[in-house]
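Trainee: The following block contains a protein sequence and its predicted model.
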Amino acid sequence: MADTDIVADAVSLSTAQVSLWDRLRRLAARFDPFDVAAITLLVAIAAVALWTFRDYAISNDEGVQHHYGELILNYYASGLKDRGVFHFENLYLYGGLFDIIAVSLSHLIPIDPYDLRHILCALIGVAGIGATAVTARSVAGPRAGLIATIALGVCGAWYGAMFNHTKDIPFAAAMMGATLFLIRIARYLPSPRLRDIAAFGVLAGAALGMRVLGLTLVAYTVFAIAIYLPASDDGCGQNRTRWRLAAESLLRVLPAFVLAYLIMIFAWPWAALAPLNPIRGLVAFSEFHYDIRTFFAGQTYHMADVPRLYIPVYLLIRLPLLTLAGAAIAMLLALLPFRSGSAQPIRRDITLLSFTIIFPLACQVIDHGPAYTGLRLFLFVIPPLAALAGIGLDRILTMLAARGRLVAACGLAFGSACFLWNAATLVRLHPDEYLFYNAAIGGLKGASRRYDLDYWFNSMPEAIDKLETYLRHSPPAESNWQNQVYSVAVCGERLSFEKTVKLPQLRYDFMPTWEQSDFFIAPTQMNCDNDLDGKVVATVERLGVVIATIKDRRAQTRPLSAAR
């Protein structure tokens, strides 16, 4: 009897295990392997970002942006009486949504506020990659979504900016998210789903709550309605029907813009002072003429005088070549004739994504607007480019598969090798991934002294560390350095220096003139390292290129001490 019970229990347990295994297999079958891979990659990117966020310097703008967020909160806390927010430099021309959130969270989370900003910005950047992947997936399927995830994840112009470009990355992520829901709205015109309208409104408001360039979403919406509504024949009645459907579609989408407007004026108090202020902000943005210089093809330009093709050229040399090729292929798909009428929706989606890239670039070129620091102001066109790359490369893999397994395997191996090479390059550049330049100009070496490099002086922490190491190992003639206080001239922001320096002997430039400082650290950006002479005691290098120098100037400032 006992043996029978044991056998019965064993059979029951085995059946339960098989049943559990079957359930797990059925559960796994519900998920596409490309989706699983894309989600895994997103989690991995987020984990790496959380592990390395302290490696990135505080950017030149973060101090003023953080204070701007404080001023906005003070404005509301005072019952709209504290109007200092409208007189703080030119920040009133921008929305402060990210800064409001960062300042509010800094009161709740007990960590350094700039560490918090970098964590928050990086996670938003990962969300932007996710929105890009979902967009590509919704157009061309799970494999396209995975490719788009990889394309944006290994893009140095994006990943390297995810930590301290705390206005550019959140704005770009919001724009990509809004574009995703605009596509979903357009597919259901003239009766879009309420949840898509609400999501589009929230993300459009988030974009406008950071940059007035979010107004381009209005043009995107009008264009979407124009291309997604059914085509008409030459009959006047059909034309009237089409205009009626267009008007109805605009009315259906209007609540999204009302919601966006409310979010915008909350995050951008100046926009609430007068109905036309957002337009005035856009005009002011297009006419900025500050004394900011930039490199382009070895020439120095002021921001108002850059060539018309400044931004398009930077796109062509800063993005991975495979990503550019994939995006170009996708755009061609929208132009070439399809054999199947079922491909028409894909054509429209690709056309709309292409428009979100071409329209702002065309406005920049035609209006000859100001530009500087490479792609910084136009990072928002990179996610749709990555989405198109996913769509285009997915199509190529499908075409190669039709020619045989060997051809498909070779194509997959080539694409994988290119993306792996890009990823390896970013690892070698870390934490200066935003210095990535593609092979079209010879990589970082070809860009050095010819195009913008470390404009945030992100390499400052490493430069300071090398200066401190040098001082600790100074020759005997300077053995009394522990009792000295040295002025350090820095071609960068004070906040970043003081958040990094450890030796109490080193102080941020406190002398009447730079020439009286004992040490000098500077990036090679705009040849700033040549502004002061001195003995080069260390350099910061990436891929064999010097991106920052550290100079000892004590022979000039303390000749008697140096002569001992």
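Mentor: Nice, thanks for sending it over. Numbering: from 1, shown residues only.

Trainee: ends of stretch 185-195, how far apart?
Mentor: Criterion CA to CA, to the nearest Å; first-to-last residue distance in stretch 185-195 is 9 Å.

Trainee: what does that stretch rub up against?
Mentor: Stretch 185-195 is contacted from outside by 184, 196-197, 200, 224-225, 227-229, 245-246, 248-249, 252-253, 256, 345, 348, 352, using CB atoms under 8 Å, 6 or more residues apart in numbering. Backbone N, C-alpha and C define where each C-beta goes, glycine included.

Trainee: Show me where the stretch 401-550 of the chain dips below the pLDDT cut-off.
Mentor: 475-482 (pLDDT under 70).

Trainee: Strands along that one, start to end?
Mentor: 486-490, 506-508, 519-523, 535-542, 545-552 (DSSP state E, counting those that start in this stretch).

Trainee: quick one: which of those strands is nearest residue 289?
Mentor: Closest to residue 289 of the strands of the stretch 401-550 of the chain, according to CB to CB: strand 519-523, at 24.3 Å.

Trainee: Output the contacting helices and strands for that closest one.
Mentor: Here strand 519-523 touches helix 460-472, strand 486-490, strand 545-552, going by 3 or more CB pairs under 8 Å, 6 or more residues apart in numbering; DSSP states H and E.

Trainee: so can I have CSV of those showing distance to residue 367 and mean neighbour count?
Mentor: Shown next, in CSV, are the helices and strands packed on strand 519-523 (distance: least, CB to CB, whole Å; neighbours: other CB atoms under 10 Å):
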stretch, distance to residue 367, mean neighbour count
helix 460-472, 35, 19
strand 486-490, 36, 22
strand 545-552, 33, 23
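
Trainee: Indicate which one of these is closest to residue 441.
Mentor: Closest among those, using CB to CB: strand 545-552, at 12.7 Å.

Trainee: thinking residue 172 is in contact with residue 131, fair?
Mentor: No. Contact criterion CB atoms under 8 Å: residue 172 and residue 131 do not qualify, at 9.8 Å.

Trainee: more neighbours, the two?
Mentor: Counted by other CB atoms under 10 Å, residue 172 and residue 131 do not tie: residue 172 has more neighbours, with 28 against 25.

Trainee: got the strands of the stretch 401-550 of the chain as TSV, with distance to residue 442 columns?
Mentor: TSV is the format used below for the strands of the stretch 401-550 of the chain (distance: least, CB to CB, whole Å):
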stretch	distance to residue 442
strand 486-490	30
strand 506-508	36
strand 519-523	20
strand 535-542	14
strand 545-552	11
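
Trainee: Quick one: closest of these to residue 104.
Mentor: With CB to CB, the closest approach to residue 104 among the strands of the stretch 401-550 of the chain belongs to strand 506-508: 29.3 Å.

Trainee: which helices and strands does that closest one pack with?
Mentor: Using 3+ CB pairs under 8 Å, 6+ apart as the contact test, the elements touching strand 506-508 are helix 460-472, strand 486-490, helix 494-500.

Trainee: can you do 7 Å?
Mentor: If contacts are counted by 3 or more CB pairs under 7 Å, 6 or more residues apart in numbering; DSSP states H and E, strand 506-508 sits against strand 486-490, helix 494-500.

Trainee: one step back: overlap in contacts, residue 172 and residue 131.
Mentor: Residues touching both residue 172 and residue 131 by CB atoms under 7 Å, 6 or more residues apart in numbering: residue 383.

Trainee: which is the next helix or strand following the helix or strand where residue 206 lies?
Mentor: Element membership for residue 206 (DSSP states H and E) is helix 194-208. For helix 194-208, the following helix or strand on the C-terminal side (DSSP H and E) is helix 216-228.

Trainee: just checking, what packs against the helix or strand following that next one?
Mentor: Per DSSP H and E, the first helix or strand lying C-terminal to helix 216-228 is helix 236-267. Judged by 3+ CB pairs under 7 Å, 6+ apart, helix 236-267 is in contact with helix 194-208, helix 216-228, helix 269-273.

Trainee: Residues touching the second one, excluding its own?
Mentor: For helix 216-228, the external contacting residues (CB under 7 Å, 6+ apart) are 178-179, 182, 186-187, 189, 204, 207, 246, 249-250, 253, 348, 351-352, 355-356, 359-360.
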